[in-house]
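Colleague: next come a sequence and a model predicted from it.
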Amino acid sequence: MSEDSHPFERFLRDGMMPHIWCEGCGNGIILNCFVRALKDIEIDVNKVVVVSGIGCIGRLSGYTNTDSYHTTHGRAIAFATGAKLANPELKTVVISGDGDLFAIGGNHFIHAARRNVDIQVICANNFNYGMTGGQYGPTTPLKAWTTTTPYGNIEHPFNLVHLAAASGAVYVARWTTLHVRRLTESIKKVLQKEGFSFIEVITPCPEIYGRRNKMATGIEMMNWFKTAAEIRNASDPAEAEISPEKIVVGEFIDAEKPTYDHLLREMMKQVQERIRGEK
Amino acid sequence: MTQERTVLTGKHFMQGDIACAEGAIAAGCRFFAGYPITPATEIAERMARRLPEVDGVYVQMEDELGSMAAVIGASYAGVKSMTATSGPGFSLMQENIGLAVMTETPCVVVNIMRGGPSTGQPTKPGQQDVMQARWGSHGDYEIIALAPSSVQEMFDLTIEAFNLSEIYRVPVFVLADEIVGHMWERVTIPSENAIKRVNRKRPRTLPEKYVPFLPDRDLVPPMASFGEGYRFYATGLTHDETGHPRTDTAKAQQELVQRLCDKIRKNREKIVRVSANMLEDAEVMVVAYGTTSRSAMSAVREAREKGFKAGLLRLITLWPFPDKEIAELAKRVRAIVVPEMNCGQIVREVERAAKETSVIFMPKLGEEPHRPVEILDAIQRGSYK
Ligand SMILES: Cc1ncc(C[n+]2csc(CCOP(=O)(O)OP(=O)(O)O)c2C)c(N)n1
Ligand code: SF4
Ligand SMILES: [Mg+2]
């Protein structure tokens, strides 16, 4: 094979660049960490399927040189469930937004986690609906300013890692886009893990969210992550707060549990053995 | 895997819903995602029992939005896939039916129609979703819908639905009313070899050369599956032949959406099926589908006994609509009678095709299908037009 001109070139899709993301947006960092993880673990990329929903981060599936699919808003996990169960050899990775995965698609998230379908979910949490111009969503902090909270947000946000853990995810972590190395390690881990895995990535949306909340640039948002982040591996995800003063990050859960895929194949084998016995 | 479990060759006394499930398995369906709903639940129950026997996957999703998404995912993974539902679930599936159209996904959606709107009459028959089947998702598209009228056809047309979906890369609907879904009748299931199965066209190029949405002359692009090394991208956004989003040019929108319509329109002669009964010399033609066509058949026979020249055009394909066939016949008859279990849906299409010929519409809502005597009465009225 000839030398790649850029170390990640073969993992990125020709013709899709430049990407659509704003200056200072964290989505590029997530893409970077993801392809770095693919490269580092030398996974068979032909078996990797990247699925995303709708939103700024939802465009990511178009940028990876893998099989990839851009679903309707909220349905990435359900689509991935179908693909994974139909072909167990696939490594189905869902990369999508906080609104996509936890507002319109929240039901699919909790049920896929409960079933322990072997899907790896990476959520870009930018605290708002970036694509539609910055409305509040299920992770927008209380009192935050968005275009549809002109008097400040009066809704309590989800704690995504707590939700994932309570729903049955076997791997749960949270990082910010500042934690590039740790995030990449987490992605490598879940790419090699079986079962419903969840990584929340807190990511700057300076253009749409930051600007309205006194952090107008990517640097300012990253500075917040830097001063507030506190690594607390193996701590209780229920306690993993996100506030102006503190963002608790870390790897909260890394457990084993029979996957849906495994239980399904076991059941099919038993049924077929019984039939053969009957003959 | 055991052959005899794949196709249950022989004569059976079977329920329509069960025959539908067996037709799907015989057609090669190996993935079902659904959510229970009357009167389609028996299809899910049969699939849950049968699919594991034949190496297939049954998954009960959390709702119909997810069911439809999972069906598309499984199809892209290379497995023939389906779901089955009724009105409320069909409504929830519409957005992803559009996604299946846009990403040219072979799949089958069965709708055992009950009475609507809303929760309506769950255990009672209806033919109220035929326009929703045509226009339910937003945007312009063409779709295929088949209307079985017997348990035998629940088996046969489900196979046909899979074949058409594989040929044209489009979701295909089996639109049956609750009576056809729940009735028990004799079904003959042919031998494994006698079943015609069609599989989607596969890429004929190397992965590096594969252009995922570049159509052949029949306007249908060959389809790779995930995991085979083709590394392609599919999106619900307007895209070009490479699959890359093209959201800002009129050309891309025109080319793609027109082709999605044309691949059905230009092949309509190969798709459309009707059954003509006693129409050679008919003066009054009844146009009916599903259960209603059975009452209509009795009425036509009785009319003939009474000396009225009546005939029945039974619609097997509802979409694309058999308008040419109806237009031809309309020129030769005095009147057309259209009985439907709704307030007037397919009748509008019949009127459009019939032009000047007078159309007598017979709506019916609720528990009972049309009684033959009611249709007979309309035939008699039509004869004096
Ligand atoms: C059914 C439906 N409703 C609404 C929209 C409009 N919409 C597009 S993206 C989006 C929000 C995306 O937010 P998120 O998932 O957080 O992604 P981000 O843009 O912030 O990366 C919405 C509401 C849509 N595309 N489909
Ligand atoms: S709106 Fe926000 S999330 Fe979207 S690209 Fe711009 S910075 Fe990124
Ligand atoms: Mg967001």
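Modeller: Now that the structure is in, tell me what you want to look at. Ligands and ions are numbered 1, 2, ... in the order given.
Colleague: could you pull up the contacting residues of the nearest residue to residue A:156 once chain neighbours are set aside?
Modeller: Counting by C-beta to C-beta, 6 or more residues apart in numbering or on different chains, residue A:156 lies nearest to residue A:142, which is 6.0 Å off, once chain neighbours are set aside. Just so you know, the C-beta spots here come from the backbone N, C-alpha and C atoms, and that holds for glycine as well. By C-beta atoms under 8 Å, 6 or more residues apart in numbering or on different chains, the residues touching residue A:142 are A:153, A:154, A:155, A:156, A:157.
Colleague: neighbours of the first one, how many?
Modeller: Number of residues near residue A:153 (other C-beta atoms under 10 Å in any protein chain shown) recorded here: 19.
Colleague: that one and residue A:144 touch, don't they?
Modeller: Yes. Between residue A:153 and residue A:144 a contact is recorded at 4.7 Å, counting by C-beta atoms under 8 Å.
Colleague: which neighbours do those two share?
Modeller: Common neighbours of residue A:153 and residue A:144 (C-beta under 8 Å, 6+ apart) are residue A:136.
Colleague: quick revisit: tell me which two in the contacts of residue A:142 are the farthest apart.
Modeller: The largest separation in the contacts of residue A:142, counting by C-beta to C-beta, is between A:154 and A:157 at 11.3 Å.
Colleague: what separation do you get for the residue nearest to residue A:195 when sequence neighbours are not counted and residue A:49?
Modeller: Of all residues not flanking residue A:195 in the chain, residue A:170 sits nearest, at 3.8 Å (C-beta to C-beta, 6+ apart). With distances taken as C-beta to C-beta, to the nearest Å, residue A:170 is found 20 Å from residue A:49.
Colleague: so for these two, which sits in the more crowded spot?
Modeller: Neighbour comparison, residue A:170 and residue A:49: the larger count goes to residue A:49, with 28 against 23 (by other C-beta under 10 Å).
Colleague: for the more buried one, what are its contacts?
Modeller: Residue A:49 neighbours (C-beta under 8 Å, 6+ apart): A:66, A:67, A:68, A:69, A:80, A:83, A:90, A:91, A:92, A:93, B:226, B:227.
Colleague: closest to ligand 3 out of these?
Modeller: residue A:93 (18.1 Å; C-beta to the ion).
Colleague: so who does the residue of the stretch 251-385 of chain B at minimum distance from ligand 2 touch?
Modeller: Ranked by C-beta to the nearest ligand atom, the top residue of the stretch 251-385 of chain B for proximity to ligand 2 is residue B:252, at 22.2 Å. Residue B:252 makes contacts with B:238, B:239, B:240, B:246, as judged by C-beta under 8 Å, 6+ apart.
Colleague: and those, which two are the farthest apart?
Modeller: The widest separation within the contacts of residue B:252 (C-beta to C-beta) is 8.4 Å, between B:238 and B:240.
Colleague: joint contacts of these two?
Modeller: By C-beta under 8 Å, 6+ apart, the residues touching both residue B:238 and residue B:240 are B:246, B:252, B:256.
Colleague: which residues of the stretch 1-150 of chain B fall in helices?
Modeller: For the stretch 1-150 of chain B, helices defined by DSSP state H, counting those that start in this stretch occupy the ranges B:3-6, B:16-27, B:41-50, B:64-76, B:87-102, B:130-135.
Colleague: comparing these, which comes out most buried?
Modeller: helix B:64-76 (a mean of 31; mean count of other C-beta atoms under 10 Å in any protein chain shown).
Colleague: shouldn't residue B:353 be in contact with residue B:320?
Modeller: No. Between residue B:353 and residue B:320 there is no contact under C-beta under 8 Å: 12.0 Å.
Colleague: any residues in contact with both of those two?
Modeller: With C-beta under 8 Å, 6+ apart, residue B:353 and residue B:320 have no common neighbours.
Colleague: so which residues of the stretch 1-150 of chain A form helices?
Modeller: Using DSSP H, counting those that start in this stretch, helices in the stretch 1-150 of chain A cover A:27-41, A:60-63, A:76-86, A:98-99, A:106-115.
Colleague: would you turn these into CSV with mean pLDDT and mean neighbour count?
Modeller: Output for these, formatted as CSV (pLDDT from 0 to 100; neighbours: other C-beta atoms under 10 Å in any protein chain shown):
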stretch, mean pLDDT, mean neighbour count
helix A:27-41, 97, 21
helix A:60-63, 98, 25
helix A:76-86, 98, 31
helix A:98-99, 98, 30
helix A:106-115, 98, 22
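Colleague: got those as JSON lines, with distance to residue B:119 columns?
Modeller: JSON lines is the format used below for the helices of the stretch 1-150 of chain A (distance: least, C-beta to C-beta, whole Å):
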{"stretch": "helix A:27-41", "distance to residue B:119": "42"}
{"stretch": "helix A:60-63", "distance to residue B:119": "37"}
{"stretch": "helix A:76-86", "distance to residue B:119": "23"}
{"stretch": "helix A:98-99", "distance to residue B:119": "29"}
{"stretch": "helix A:106-115", "distance to residue B:119": "20"}
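Colleague: do you know how far the residue in the stretch 101-250 of chain A positioned nearest to chain B is from residue B:145?
Modeller: Chain B sits closest to residue A:111 of the stretch 101-250 of chain A, with a gap of 4.2 Å, by C-beta to the nearest C-beta. From residue A:111 over to residue B:145 the distance is 30 Å, taken as C-beta to C-beta.
Colleague: who are the packing partners of the longest helix along chain B?
Modeller: Ranked by residue count, the top helix of chain B under DSSP state H comes out as helix B:151-168. For helix B:151-168, the packing partners by 3 or more C-beta pairs under 8 Å, 6 or more residues apart in numbering or on different chains; DSSP states H and E come out as strand B:10-15, helix B:16-27, strand B:107-115, strand B:144-146, strand B:171-177, helix B:178-182, strand B:184-189.
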